[in-house]
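Engineer: output the structure for:
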Amino acid sequence: MRKTNQLECGVLVPYKCSLGHQVQVRCCDLRNKELRDRLCTHLCDFTLECGHRCKGTCSTCLQNRFHRPCDQEELIVYTCGHSRQQRCHELGTRCEQQYIKQCNHDDEPRIPT
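Structural biologist: Alright, predicted model coming up:
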């Protein structure tokens, strides 16, 4: 790679990413083809499976191809009666609290997750 004495131009210019979002980027960043689609700071508008909106940006979600796991917390009530705040992407985990028997039977109940 050849080094030059060229200064980077920091003037903000309009740029339209591959999804059509209009953003302001530095002029010097537009010369780098690999960097262009990583410049979009438009908030992602994708609805995740849990129903919450993705909190990434167009560039962090790679132009709507990959999304961050949902980090919103929900109150989960287990069938055993215990509850806790849990992040959406952690749903489906079993209750980790100790089971307290209500009778003298030997077997613990099989609680579905």
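
Engineer: check which helix or strand the most centrally placed residue in the chain maps to.
Structural biologist: Closest residue to the average C-alpha location of the chain: residue 68 at 1.9 Å, with CA atoms, centre = their mean. Counting by DSSP states H and E, no helix or strand carries residue 68.

Engineer: helix, strand, or coil at residue 25?
Structural biologist: Secondary structure, DSSP: H, G, I helix; E, B strand; the rest coil: residue 25 is strand.

Engineer: so what's the residue nearest to the centre of the chain closest to, chain neighbours aside?
Structural biologist: residue 56 (4.6 Å; CB to CB, 6 or more residues apart in numbering). The way it works is simple: take the backbone N, C-alpha and C, and place the C-beta from them, glycine included.

Engineer: number of nearby residues for the one you found?
Structural biologist: 16 (other CB atoms under 10 Å).

Engineer: ok, so what distance separates the residue nearest to residue 50 when sequence neighbours are not counted from residue 11?
Structural biologist: Distances taken as CB to CB, 6+ apart place residue 88 nearest to residue 50, at 4.4 Å, with adjacent residues excluded. The gap separating residue 88 from residue 11 is 41 Å, by CB to CB, to the nearest Å.

Engineer: what's the following helix or strand after the lowest-mean-pLDDT helix or strand in the chain?
Structural biologist: In the chain, no helix or strand scores lower on mean pLDDT, DSSP states H and E than helix 33-36, which sits at a mean of 77. Helices and strands here follow DSSP H and E; after helix 33-36, the next one along the chain is strand 73-77.

Engineer: now do that next one: distance to the chain's middle.
Structural biologist: 18 Å (CA atoms, centre = their mean, to the nearest Å).

Engineer: and if you look at stretch 56-74?
Structural biologist: 3 Å.

Engineer: hmm, who's touching that stretch?
Structural biologist: Here stretch 56-74 makes contact (CB atoms under 8 Å, 6 or more residues apart in numbering) with 17-19, 21, 37-44, 46, 48, 50, 52, 54-55, 85-89, 91.

Engineer: for stretch 27-37, same thing?
Structural biologist: With CB under 8 Å, 6+ apart, stretch 27-37 has contacts from 8-13, 15, 17-18, 39, 58-59, 62-63.
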